[in-house]
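Asks: how does the following fold in three dimensions:
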Amino acid sequence: MPLDHRRVRGPEESQPPELWAGVLQQQEEEDEEGAAPRDPYALRPLFARAGLLSQAEGSAYVELSGGTKVLCAAWGPREAAEPGAPAGGGRLLCEFRRAPFAGRGARCRPGSAAEREAEREAAAALREALEPAVRLARYPRARLAVSALLLQDGGSALAAAISGAALALADAGVEMYDLAVGCALCRAPGPAGDWLLQPGEAEERRAAGRLTLALLPALNQVSAVLGGGEGDPPDAWAQAVRLGLDGCHRLYPVLRHSLLRAARRRGAPTGTA
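Replies: Down below sits the predicted model:
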């Protein structure tokens, strides 16, 4: 019988890939346990750049040390499609999506109902954090749209998306009261667990409580507080809010400087940035 040269013969002996996946997961857990404890008040280095996408009216890329990468794009204002819409302020439409390769051990299967629900909740949180920063009254019967794509989830993804989306809206020339800056915290497990600023993915996975804060630093106004977890005394949550406010104030100059650099690259005046 002639050989079929189009078919690639496999090895005579093979093993299921689940065996190697278990070994890799065990190695990652051992590396996490053996890692040196970090300063709970230290911020992970942040890189931000505005004006990357030519297909969008405004865009921004935000990356946190440790692997979190978010790409945001903004469009508008555009006329609302609904005929006979009542006069008033504009609408802000927010979208949050996870790339299929965003996480190593995906918390939800890509395309599953659980992942779609998680994306809808993140989009709602994104809109809640951004609406107080945008002057929607200046855009009657108009729509503003912003989309955040999580390329890699290394922890504090929602906080990075808030900062990136606000930067994209400002890059699009949307009138805003201030940039919304996001900062995430988590509480280590145990009765005496400390709050950690900008936790990584492994720290979030083991956390007993989580908190994401959005701040308009120039106005000193909190636009959103999103949290949950095991019950703690009110003083512990108050301490977490104070830490988050301090983290937002420390991140604000980085975002502001990236917006100024984007304006200089376009040759726009920077006196009001």
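Asks: okay, and the beta partners of G209?
Replies: Bridge pairing for G209 (DSSP bridges) gives the partners R187, G229.
Asks: number of residues surrounding it?
Replies: 20 (other Cβ atoms under 10 Å). C-beta: built from backbone N, CA, C; applies to glycine.
Asks: so it makes contact with P233?
Replies: No. G209 is beyond contact range of P233, at 11.6 Å (criterion: Cβ atoms under 8 Å).
Asks: low-confidence bits of the stretch 51-200 of the chain, can you list those?
Replies: 81-88, 104-111, 191-192 (pLDDT under 70).
Asks: what about the strands in it?
Replies: Assigned by DSSP state E, counting those that start in this stretch, the stretch 51-200 of the chain shows strands spanning 58-64, 68-79, 91-98, 142-152, 181-187, 195-197.
Asks: now the angle between strand 58-64 and the fourth one, please.
Replies: The one in question is strand 142-152. Strand 142-152 runs at 30 degrees relative to strand 58-64, counting by axes from the mean of the first three to the mean of the last three Cα atoms, to 10 degrees.
Asks: helices or strands up against strand 142-152?
Replies: If contacts are counted by 3 or more Cβ pairs under 8 Å, 6 or more residues apart in numbering; DSSP states H and E, strand 142-152 sits against strand 68-79, strand 91-98, helix 113-130, helix 157-171.
Asks: what about 7 Å?
Replies: On a contact count with 3 or more Cβ pairs under 7 Å, 6 or more residues apart in numbering; DSSP states H and E, strand 142-152 meets strand 68-79, strand 91-98, helix 157-171.
Asks: next one: the longest one
Replies: Contact here means 3+ Cβ pairs under 7 Å, 6+ apart; on that basis strand 68-79 packs against strand 58-64, strand 142-152, helix 157-171.
Asks: hey, which of these is tucked in deepest?
Replies: Neighbour counts (mean count of other Cβ atoms under 10 Å) averaged over each of the helices and strands packed on strand 68-79 peak at helix 157-171, with a mean of 29.
Asks: can you name every helix or strand that that helix contacts?
Replies: Against helix 157-171 (3+ Cβ pairs under 7 Å, 6+ apart) you get strand 46-50, strand 58-64, strand 68-79, helix 113-130, strand 142-152, strand 181-187, strand 209-216, helix 234-266.
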